[in-house]
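**Student:** Got a sequence here, can you build the structure:
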Amino acid sequence: MATSAASRWPDYWVAQFEPFWLGAGKIGWPEFEPHTQHYGHLCVASFVVVIFVGFMFLRSLPGGSHFPQLSRPARRARRVRGYQRQFQAMLTFSRMLNQKVWAAVRWPVASFRPASLRISDKNFSHFYSTHPSIPDLSDTIEEKSASEKLVVTERSGDVFLIAINRPEKRNCVNEETGYQLLEAILEFEKDDAAKVGVLYGKGGTFCAGWDLKSLSGRGTKWVEDLPAFPGPMGPTRNFIRKPMIAAVQGYAVAGGLELSLLCDLRVMEEDAVMGVFCRRYGVPLVDGGTVRLPAIIGFGRAMDLILTGRPINGQEAFEMGLANKVVPRGTAIGQAINLASSIARFPQKCMLADRKSAYYSTFTAKSYEDALVFEHENGKEVILSEAIKGAQGFVSGLGKHGKFNFNTDNITAVADKKTSTA
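**Tutor:** As a prediction, the model looks like this:
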């Protein structure tokens, strides 16, 4: 039976590749002759073996890491990471698609909501009438239900509680939160029964500043139209007419630090953190931080925090004078309420007058003499309304031996009793 040249292995195939792989003719090997036994294919195998042995030898050298070989668990981990990246990409695309679809159908769906949930029912009329430069967002911002308000208020006796309710965002403040926070402060000032306010954050964090995610999508036009009053964080450029106490838990950084500086006193937990964290992102302090911080702790210490952006805990904040009281973890709100209740027991007109004079001399007075004149004029009315009754209470024994628990009603009752006796 005749056989073809290709079937005579390995003579035929070695003849095809030997001149290219080994250069037999170039190095003086005899020319290939059909039907002649030779060992070219063994040379090819030997060449492969030499390459493999050389590779393994190089790996065994001290610098053999240039030829790494991953172990089986490492190769499996690399494959898993690849699968995770693919899944994350698919998830990101899915979220983007959902946002696009929801944006297309959201407003037609919103038209079928009950009237009680529509944003048009929200009353911003008196706010925008006093601040006409602020754009009206009542038609573009969805109002949350009562249990999901961004700022929650509650009055407990003489104490008015204000809570930022964005725990999933570490109580970062966006535009709507700032407006609701300002509304809460105005409500506190109008409530005659509320004498002292307490500001805190839900979820164990005071406030992590402005919501930079909402800022990242803004353009230069938004910055140009940003009004001078109120501040981006809400009431930070206002003077609150009643005492406020900040109960600082978790983080009070960047705009959150500025929000705490708005308050008269700061009760801070020992593991809480304060700092100008916006320094690392190039976001300036525009809510009173550069004004109030030097006035509270001094210029040198304020520059330390402003320039370095470093964090400080409760103990260091207390040593600086930034925190008025350091308390154990989880007790800041209760301690702040107790402090507010004790302040609310004092005669209010006198306390508010002294508070106003202190603010005037620190931030407004043009000179030392100007501050003294304002203090005198501001205290005249209080002397006529409360000081005389207070002196009568002192004579009768109220407030002696460190008992600072009497108020105007007690003084009035004692004065009336003394008058009737006379």
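
**Student:** In CSV, could you pull the C-alpha coordinates for stretch 150-167?
**Tutor:** Taking Å, rounded to 0.1, in the frame of the first residue of the first chain, the C-alpha atoms of stretch 150-167 are listed here in CSV:
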residue,chain,number,x,y,z
LEU,A,150,-35.4,66.6,57.5
VAL,A,151,-35.7,68.7,60.7
VAL,A,152,-37.8,67.6,63.6
THR,A,153,-38.9,70.0,66.4
GLU,A,154,-40.4,69.3,69.9
ARG,A,155,-41.0,71.4,73.0
SER,A,156,-40.6,69.8,76.4
GLY,A,157,-41.6,72.4,79.0
ASP,A,158,-39.3,75.4,78.7
VAL,A,159,-36.9,73.6,76.3
PHE,A,160,-37.3,73.6,72.6
LEU,A,161,-35.6,70.6,70.8
ILE,A,162,-34.4,70.9,67.2
ALA,A,163,-33.1,67.7,65.5
ILE,A,164,-31.5,67.3,62.1
ASN,A,165,-33.0,64.1,60.7
ARG,A,166,-30.7,62.8,58.0
PRO,A,167,-28.9,60.0,59.8
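
**Student:** Which residues in it does the neighbour count mark as buried?
**Tutor:** Along stretch 150-167, these residues count as buried under the neighbour rule (16 or more other CB atoms under 10 Å): 150-153, 158-166. Where you see a C-beta, it was placed from the backbone N, CA and C, and this is true even at glycine.

**Student:** Quick one: list the elements packing against the strand or helix carrying residue 56.
**Tutor:** Counting by DSSP states H and E, the element that carries residue 56 is helix 40-60. Secondary-structure packing of helix 40-60 (3 or more CB pairs under 8 Å, 6 or more residues apart in numbering; DSSP states H and E): helix 11-21.

**Student:** Nearest to residue 335 among the buried residues of stretch 150-167?
**Tutor:** Using CB to CB, residue 159 is the member of those that sits closest to residue 335, with 12.4 Å.

**Student:** Skip the chain neighbours and tell me the closest residue to the closest one.
**Tutor:** Residue nearest to residue 159 in three dimensions, not counting chain neighbours: residue 340, with 4.5 Å by CB to CB, 6 or more residues apart in numbering.

**Student:** Is residue 152 part of a helix or strand, or is it coil?
**Tutor:** Using DSSP: H, G, I helix; E, B strand; the rest coil, the structure places residue 152 in strand.

**Student:** Give me the domain ranges for this structure.
**Tutor:** For the chain, automatic domain parsing gives the domain ranges 5-61, 79-112, 114-142, 144-344, 348-421.

**Student:** Out of those, name the one with the poorest average pLDDT.
**Tutor:** Confidence, taken as mean pLDDT, is least for domain 114-142 of the domains of the chain (a mean of 36).

**Student:** circling back to that earlier point, output the buried residues of stretch 150-167 as a markdown table; include the columns distance to residue 329.
**Tutor:** Converted to a markdown table, the buried residues of stretch 150-167 look like this (distance: CB to CB, whole Å):
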| residue | distance to residue 329 |
| --- | --- |
| 150 | 25 |
| 151 | 24 |
| 152 | 22 |
| 153 | 25 |
| 158 | 27 |
| 159 | 22 |
| 160 | 25 |
| 161 | 20 |
| 162 | 22 |
| 163 | 18 |
| 164 | 19 |
| 165 | 21 |
| 166 | 21 |
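
**Student:** quick check, nearest of those residues to residue 325?
**Tutor:** When these are compared for distance to residue 325 (CB to CB), residue 159 wins out at 16.1 Å.

**Student:** my guess is the closest one meets residue 199, correct?
**Tutor:** No - contact criterion CB atoms under 8 Å: residue 159 and residue 199 do not qualify, at 11.4 Å.

**Student:** Just the endpoints, please. Distance across stretch 193-213?
**Tutor:** Terminal residues of stretch 193-213 lie 38 Å apart, using CA to CA, to the nearest Å.

**Student:** Pull out the buried residues from that stretch.
**Tutor:** 194-202, 204-211.

**Student:** now swap in stretch 306-314 and tell me
**Tutor:** For stretch 306-314, the neighbour count (16+ other CB under 10 Å) marks 312, 313, 314 as buried.

**Student:** Output that stretch as CSV - backbone C-alpha positions only.
**Tutor:** Presented in CSV, the C-alpha positions along stretch 306-314 are these (Å, rounded to 0.1, in the frame of the first residue of the first chain):
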residue,chain,number,x,y,z
ILE,A,306,-8.6,76.5,60.2
LEU,A,307,-5.2,76.0,58.5
THR,A,308,-4.5,72.4,59.4
GLY,A,309,-8.1,71.0,59.3
ARG,A,310,-7.1,68.5,61.9
PRO,A,311,-9.7,66.7,64.1
ILE,A,312,-10.0,67.3,67.9
ASN,A,313,-11.8,65.2,70.4
GLY,A,314,-14.0,66.4,73.3
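
**Student:** List of residues touching it?
**Tutor:** With contacts defined as CB atoms under 8 Å, 6 or more residues apart in numbering, stretch 306-314 is touched by 248, 253, 268-280, 285, 289-290, 293, 304-305, 320, 322-323, 326-327.
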